[in-house]
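1. need coordinates for the below:
(2 chains)
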Protein chains: 2
Amino acid sequence: MANVPFAERTTKAEIEEGTAFAPKFDEHGLIPCITTDHETGEPLMFAFMNAEALRQTIALGEAVYWSRSRAELWHKGATSGHVQIVKELRVDCDQDAIWLRVDPQGKGSCHVGYRSCFFRSVPLGEGEKELQMEEAEKMYDPKAVYGG
Amino acid sequence: MANVPFAERTTKAEIEEGTAFAPKFDEHGLIPCITTDHETGEPLMFAFMNAEALRQTIALGEAVYWSRSRAELWHKGATSGHVQIVKELRVDCDQDAIWLRVDPQGKGSCHVGYRSCFFRSVPLGEGEKELQMEEAEKMYDPKAVYGG
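-> Got it, this is the predicted structure:
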């Protein structure tokens, strides 16, 4: 286990305005994480971490998530080479969400091939929705990186 | 109910690369949402939406979340006046996370008083952590806005 101790969660005031790092994990032991490009500010992906993933991310300085589909630690880039070097890690007011600012190695952070996982927008207003593409092209060939 | 129909979730290929809007809600009926400032790109907050909150956000063009603590729809700004006007709404590859780009009315999006909920950083590396303040001052007085 990475040596990154977490503090006890005490009072609302201490959690929200203090300096003790006391992250809250949900009933599955997970905390949500927003990951943005540290240069452009663009959200690249959204994922979850368990306590060990969060500890490893902090200790290593590279993004480590928890894969819910595979039920295992997920060192981003271990397969694709698209490691995310952590430039800054922030926690929100009630310490139940993480924001990672990363320097992504490789052109695409999304397993589909795009720069960001958020490559489609939803038109506003009432009625039927058709998603709009917001990235012109894939940044890499996912079949070449991940296999067929 | 706001008239924003969702599509059925069909194949992985259609969900990940198609144009049908088929959001996935978790076992509590919730989908995570990242909210950023549309001008600066800064993450302001992280919250959840249920299906009706997502529909209302899209129909109204203002951020509506689901408050887990109060177990009710949460039209951001209803109490504080800090409405978030939605400039763009995106969905991620597997359509289980939302990204809102908003024009925040009011100087602070965080109920503690800061511009962003992510006003503290966690130093990287092993060992004890002391959170670092990343915003110089509160943008408004939360007691004046929300009461004592």
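2. ok, now which ones touch the residue of chain A found nearest chain B?
-> Using C-beta to the nearest C-beta, the point where chain A gets nearest to chain B is A:Gly41, with a distance of 3.2 Å. C-betas here are computed from N, CA, C, even on glycine. Applying C-beta atoms under 8 Å, 6 or more residues apart in numbering or on different chains, we find A:Gly41 in contact with B:36, B:40-42.
3. redo that, cut-off 7 Å
-> Counting by C-beta atoms under 7 Å, 6 or more residues apart in numbering or on different chains, A:Gly41 touches B:41-42.
4. same deal with A:Thr79?
-> Applying C-beta under 7 Å, 6+ apart, we find A:Thr79 in contact with A:Tyr146.
5. could you check the pLDDT of it?
-> pLDDT for A:Thr79: 85.
6. and what of A:Gly148?
-> Here, the pLDDT recorded for A:Gly148 equals 58.
7. ok, A:Val145 next?
-> 87.
8. element containing it?
-> helix A:142-146 (DSSP states H and E).
9. in that helix, which residues are buried?
-> Across helix A:142-146, burial judged by 16 or more other C-beta atoms under 10 Å in any protein chain shown covers A:Pro142.
10. residues contacting that helix, please?
-> Around helix A:142-146, the neighbours that count as contacts under C-beta under 7 Å, 6+ apart are A:79-80, A:111-113.
11. which of the residues you listed fall in helices?
-> Among the contacts of helix A:142-146, no member falls in helices (DSSP state H).
12. buried ones among those residues?
-> Taking 16+ other C-beta under 10 Å as the criterion, what is buried in the contacts of helix A:142-146 is A:80, A:111-113.
13. tell me the one of the contacts of helix A:142-146 nearest A:Asp26?
-> A:His111 (23.7 Å; C-beta to C-beta).
14. for that closest one, which residues are in contact?
-> Counting by C-beta under 7 Å, 6+ apart, the residues that A:His111 touches are A:142, A:146, B:93.
15. show me where chain A has its helices.
-> Taking DSSP H, the helices of chain A run over residues A:12-17, A:51-60, A:142-146.
16. right, is the second one up against chain B?
-> Yes - using C-beta under 7 Å from any C-beta of the partner chain, a contact is recorded between helix A:51-60 and chain B, made by A:58-59.
17. again, but for stretch A:12-24
-> Yes - Stretch A:12-24 reaches chain B (C-beta under 7 Å from any C-beta) through A:16-17, A:19, A:21.
18. sketch out the low-pLDDT regions of chain A for me.
-> Chain A contains residues with pLDDT under 70 at A:148.
19. tell me the residue in chain A that is farthest from the middle.
-> A:Gly127 (31.6 Å; C-alpha atoms, centre = their mean).
20. what's near enough to touch the residue lying closest to it once chain neighbours are set aside?
-> Distances taken as C-beta to C-beta, 6 or more residues apart in numbering or on different chains put B:Asn3 closest to A:Gly127, at 6.5 Å, once the chain neighbours are dropped. Taking C-beta under 7 Å, 6+ apart, we find B:Asn3 in contact with A:126-127, B:59.
21. kindly recompute the last result at 10 Å.
-> A:125-128, B:55, B:58-59 (C-beta atoms under 10 Å, 6 or more residues apart in numbering or on different chains).
22. ok, A:Ile58 next?
-> With C-beta under 10 Å, 6+ apart, A:Ile58 has these contacts: A:2-4, A:21, A:64, A:86, A:89, A:98, B:122-127, B:129.
23. cool, A:Arg55 as well?
-> Counting by C-beta under 10 Å, 6+ apart, A:Arg55 makes contact with A:1-6, A:23, A:49, A:64, B:126.
24. looking at these, spot the one nearest B:Glu27.
-> Proximity of the contacts of A:Arg55 to B:Glu27 (C-beta to C-beta) peaks at A:Met49, which lies at 19.0 Å.
25. I figured that closest one hits A:Ile98, correct?
-> Yes - with contacts counted by C-beta atoms under 10 Å, A:Met49 reaches A:Ile98, the gap being 6.6 Å.
26. give me the common contacts of those two.
-> The contact lists of A:Met49 and A:Ile98 share A:23, A:31-33, A:57, where a contact means C-beta under 10 Å, 6+ apart.
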